[in-house]
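A.B. asks: kindly generate the corresponding structure for this input.
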Amino acid sequence: KRAGCPLSAHRVCRFESLVAKIRSSPASAVDSGAGAAHDMAGMASISRVISDLQSTADRTDLDIGFKLPAEGQAEEFNPQSLLARFHGKMDSLLRYRETWRGYCWPVKSINDFKLAPFHLLATEGQVFADQDHEWHMNTIKEICLHDEDILLATRFRVVETMDETSIKSGCSWWEDMTNTGKEGMVVKPFTFIADGKTGLIQPAIKVRGKEYLRIIYGPEYDAPENLSRLRSRAVAGKRSLALREFALGIESLERFIRKEPLRKVHECVFGVLALESEPIDPRL
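C.D. replies: Numbering: from 1, shown residues only. Modelled structure (predicted):
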């Protein structure tokens, strides 16, 4: 939470909630189909394993503690401990199902779409990178009031990073959201473009909730053996890509509002696409 705010040189950051995204009928269908296939297959197989383990654990004619080979080594076999392990797997799958289902709903008309903007990128002859994020959110909120059927104003709050009370309030806000199934928040410097001691500060960091991360990393990502691998991720390359893509995005907007040839704008766009193809740690 606090570590997610990379602002040693800036006193204020903004927490922006990830409550809503653009959703469409095809996207919802893909998400629900993939999610359903994943958890149904997992639950079907694990249910069978649990049933077999329960039958084994209920037997009285077994010498509990006999050895079984595992990954080239012998280990003690205890049906009860193995049963508890697979019950844990089933619980993770149920949590995974509950999470992805919260992000799917039927779409029958344009009124079922929701769009939650968070940046006012540009208008005729002007890019708004010189405005702080609070200005962006408040301006967009006014725009959203004109069509609340499809536009959704994103909740946000400003946090004073040198004030412990303000920090705790921001963290509690995040916990309250994620405990009710919301995705999480985006932490950003207060200013749209911010410099730190070592140069440009990463423009945004997503801080997702525990349950939503099951969609990203898998139902059992929070098992100790999996968390240890996730904590060793190499994030420097990803941060570098984020900064370069951010700079190219601003440059493309500047060229566009100056009415430069589209090929000049597309240079920046293709630059971003090229960066997206750069190899990074697959766990990111």
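
A.B. asks: gap between Asp91 and Ile205?
C.D. replies: Remark: distance between Asp91 and Ile205 (CB to CB, to the nearest Å) = 29 Å. To be clear about C-beta, it is placed using only N, CA and C from the backbone, and glycine gets the same treatment.

A.B. asks: give me the more crowded residue out of these two.
C.D. replies: Using other CB atoms under 10 Å, the more surrounded residue of Asp91 and Ile205 is Ile205, with 17 against 12.

A.B. asks: so the more buried one is in contact with Val186, correct?
C.D. replies: Yes - at 7.0 Å, Ile205 and Val186 qualify as touching, with contact defined as CB atoms under 8 Å.

A.B. asks: any regions of the stretch 1-150 of the chain where pLDDT drops low?
C.D. replies: Counting by pLDDT under 70, the low-confidence segments of the stretch 1-150 of the chain come to 1-38, 60-77.

A.B. asks: swap in 80 and give it another go.
C.D. replies: Residue ranges of the stretch 1-150 of the chain with pLDDT under 80: 1-40, 57, 59-79.

A.B. asks: okay, helices next: where are they in it?
C.D. replies: Shown for the stretch 1-150 of the chain, the helices assigned by DSSP state H, counting those that start in this stretch span residues 25-58, 79-101, 133-144.

A.B. asks: with distance to Thr161 added, can I get those in TSV?
C.D. replies: What follows is the helices of the stretch 1-150 of the chain, written out as TSV (distance: least, CB to CB, whole Å):
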stretch	distance to Thr161
helix 25-58	35
helix 79-101	30
helix 133-144	14
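
A.B. asks: I'd like to know which of the ones you listed is closest to Ser166.
C.D. replies: With respect to Ser166, and counting by CB to CB, the nearest of those is helix 133-144 at 14.3 Å.

A.B. asks: what lines up beside the following helix or strand past the closest one in the sheet?
C.D. replies: Of the helices and strands lying after helix 133-144 in sequence (DSSP states H and E), the nearest is strand 156-160. Within its sheet, and counting by DSSP bridges, strand 156-160 is paired with strand 12-17 (antiparallel).

A.B. asks: need phi/psi at the residue nearest the centre of the chain.
C.D. replies: In the chain, the C-alpha nearest the mean C-alpha coordinate belongs to Arg208, at 4.7 Å (CA atoms, centre = their mean). Torsion angles at Arg208 (phi, psi; degrees, to the nearest 10) stand at phi -90, psi 160.

A.B. asks: quick check: beta-bridge partners of it?
C.D. replies: Beta-bridge pairing for Arg208 (DSSP bridges): Gly184.

A.B. asks: that one and Gly184 touch, don't they?
C.D. replies: Yes - using CB under 8 Å as the test, Arg208 is close enough to Gly184 to be in contact (3.8 Å).

A.B. asks: for burial, what's the neighbour tally of the residue nearest to Ile143 when sequence neighbours are not counted?
C.D. replies: In space, and not counting its chain neighbours, Ile143 is closest to Leu151: 6.9 Å by CB to CB, 6 or more residues apart in numbering. Leu151 has 17 neighbouring residues, counting by other CB under 10 Å.

A.B. asks: state the pLDDT value of Leu151.
C.D. replies: As predicted, Leu151 sits at a pLDDT of 92.

A.B. asks: same thing with the one 5 residues further on?
C.D. replies: According to the prediction, Phe156 has pLDDT 94.

A.B. asks: in the sheet, who's paired with it?
C.D. replies: Beta-bridge partners for Phe156, by DSSP bridges, are Glu16.

A.B. asks: number of nearby residues for Thr99?
C.D. replies: As a burial measure, Thr99 scores 20 neighbours (other CB under 10 Å).

A.B. asks: with adjacent residues omitted, what lies nearest to it?
C.D. replies: Thr99 sits nearest to Glu211 (CB to CB, 6+ apart), 4.7 Å away.

A.B. asks: ok, the one you found touching Gly181?
C.D. replies: Yes - with contact defined as CB under 8 Å, Glu211 counts as touching Gly181 (6.8 Å).

A.B. asks: can you give me the buried ones in stretch 131-145?
C.D. replies: Asp132, His133, His136, Met137, Ile140, Cys144 (16 or more other CB atoms under 10 Å).

A.B. asks: what sits against the residue nearest to the centre of the chain?
C.D. replies: For Arg208, the contact set (CB atoms under 8 Å, 6 or more residues apart in numbering) comprises Leu18, Thr178, Glu183, Gly184, Ile216.
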